[in-house]
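Trainee: My questions concern the predicted model and sequence given below.
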Amino acid sequence: MYNENTQPEKLVNFVRDGLVETEHYGYVVRCSKNHVAEKIGDDKNYPFYLRSCAKPLQAALLVDYGLDKAFDMSSSEIAVCCASHAGEGVHINILKKLMEKFGIAESDLKCGIQDPLSLRARKKLLLNDEKPTVLHNNCSGKHIMMLGLCKLKGYDIENYDDINHPLQQEIKKRIYELCGVKQEYPITKDGCGVPICSMPLANMVKGYLNLFCSDKYSAIKDAFLNNPYIIGGENRTDTKILENSTNIIAKVGAGGLIIVINTEIEEGFVVKICDADMHSREVVAIDLINNLHWANIDTNHDILINSGDKVGYIESLV
């Protein structure tokens, strides 16, 4: 059905006292809206699932349907709808206010209970003898947005996570339009339970360029640029990039994905790490940003042991 004979390229070596201990392979696709400028690794246009990189694309309906205007949504509330948030207090407070605006309850969310991504937030729950809730799920903002859209449009909220639900059909249609997808690709359920599309890597970048470089969706772009900590949180790669750059959008997704867009020159790239190693993904993405002179972001390539001694280094090959 699809050409599975892709040829990923080695992107990162972890070198420990002179020996390459781990190697991480993957793909990089850099392009403008209409032109692929560079490929590292031959992905043969194989479709990969968008995972959480879909969130800002899914949030396009927030603007299309006027949800932001109807409920006077703040920039931080728009941001949390696009976020893979770390489940910290600042995120939970925004989520609760948004649920109150939309008139929905935690029991309406179908994303499932998940421990916070933030280590500090997990420790706080333990110290207070508290259990995580659905709001700690990194996808809860997206689910609250979907429920808000259902309320606005009069859709049934009981099965909003079903691929045949009118909201999910509209989301798929908008994502295909933004990403320039002209054929059907596999759709699965993401970790949080809602449908997630797959497509070639170049289409992912095109979708982000059409979203973040469009005046129509400027509220989503501004939400990213003005609320970097809400988009991720403690020790999150997209937050690190957003906080240390200007006019650069970044969003991570499971399965080793990150998409980065330079909104000033309207160019972007996607990184796909085959083994989904998050450290490798961060190193490759930030090194690419720096090598392209889009920003100058500090990143540590040292391998340290518990005492703080350096025993090796991370070698980026991009």
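Mentor: Thanks, I have it.
Trainee: Distance from stretch 233-252 to the middle of the chain?
Mentor: Here stretch 233-252 shows a centroid-to-chain-centroid distance of 10 Å under the convention CA atoms, centre = their mean, to the nearest Å.
Trainee: List the buried residues of it.
Mentor: Within stretch 233-252, the residues that qualify as buried by neighbour count (16 or more other CB atoms under 10 Å) are 233, 236-242, 244-245, 248-252. Every residue, glycine included, has its C-beta placed from N, CA and C.
Trainee: which one among the residues you listed gets closest to L317?
Mentor: Minimum distance to L317 across the buried residues of stretch 233-252 is 18.4 Å, recorded for T237 (CB to CB).
Trainee: mind listing what the spatially closest residue to that closest one that is not a sequence neighbour touches?
Mentor: Nearest residue to T237, sequence neighbours excluded (CB to CB, 6 or more residues apart in numbering): E282, at 4.4 Å. Contacts for E282 were tallied using CB atoms under 8 Å, 6 or more residues apart in numbering; they are 237, 240, 258, 299.
Trainee: my read: the third one touches V252, true?
Mentor: To tie it back to what came earlier, the one meant is I258. Yes - the pair I258 / V252 is scored as a contact, 4.8 Å apart, by CB atoms under 8 Å.
Trainee: Now do the shared contacts for these two.
Mentor: When contacts are counted by CB under 8 Å, 6+ apart, I258 and V252 have 53, 237-238, 281 as shared neighbours.
Trainee: S307: which of those residues is nearest?
Mentor: Out of the shared contacts of I258 and V252, the one with the shortest distance to S307 is T237. That distance is 26.1 Å, counting by CB to CB.
Trainee: any idea how far that closest one is from N291?
Mentor: Separation of T237 from N291 (CB to CB, to the nearest Å) stands at 17 Å.
Trainee: Can you pull out the low-pLDDT segments for this structure?
Mentor: The chain contains residues with pLDDT under 70 at 1.
Trainee: Would you verify that the residue nearest to T237 is located in a helix?
Mentor: Yes - remark: E282 belongs to a helix, assigned using DSSP: H, G, I helix; E, B strand; the rest coil.
Trainee: Pairing partners for the nearest residue to K310 once chain neighbours are set aside in the sheet, please.
Mentor: What sits nearest to K310 in space, not counting adjacent residues and going by CB to CB, 6+ apart, is D302, at 5.0 Å. On DSSP bridges, the residues paired with D302 through beta bridges are Y313.
Trainee: can you map out the strands along the stretch 151-300 of the chain?
Mentor: The residue ranges that make up the strands of the stretch 151-300 of the chain, judged by DSSP state E, counting those that start in this stretch, are 187-189, 195-199, 248-253, 257-262, 267-273.
Trainee: what about these, which gets the closest to P166?
Mentor: Comparing the strands of the stretch 151-300 of the chain by CB to CB, strand 195-199 comes nearest, at 12.5 Å.
Trainee: Against which helices or strands is that closest one packed?
Mentor: Contact analysis of strand 195-199 by 3 or more CB pairs under 8 Å, 6 or more residues apart in numbering; DSSP states H and E lists strand 48-49, helix 166-179, strand 187-189 as its packing neighbours.
Trainee: ok, it: who's next to it in the sheet?
Mentor: When pairing is defined by DSSP bridges, strand 195-199 lines up against strand 48-49 (antiparallel), strand 187-189 (antiparallel).
Trainee: out of these, which comes closest to A121?
Mentor: Smallest distance to A121 across the strands paired with strand 195-199 (CB to CB): 25.6 Å, for strand 187-189.
Trainee: Need the residues that contact that closest one.
Mentor: 49, 161, 163, 172, 195-198.
Trainee: could you dump those residues to JSON lines with distance to A219?
Mentor: Listed next are those as JSON lines, based on distance: CB to CB, whole Å:
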{"residue": "Y49", "distance to A219": "26"}
{"residue": "D161", "distance to A219": "25"}
{"residue": "I163", "distance to A219": "27"}
{"residue": "K172", "distance to A219": "22"}
{"residue": "P195", "distance to A219": "24"}
{"residue": "I196", "distance to A219": "23"}
{"residue": "C197", "distance to A219": "23"}
{"residue": "S198", "distance to A219": "27"}
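Trainee: Show me what counts as buried in stretch 32-46.
Mentor: 39-41, 43, 46.
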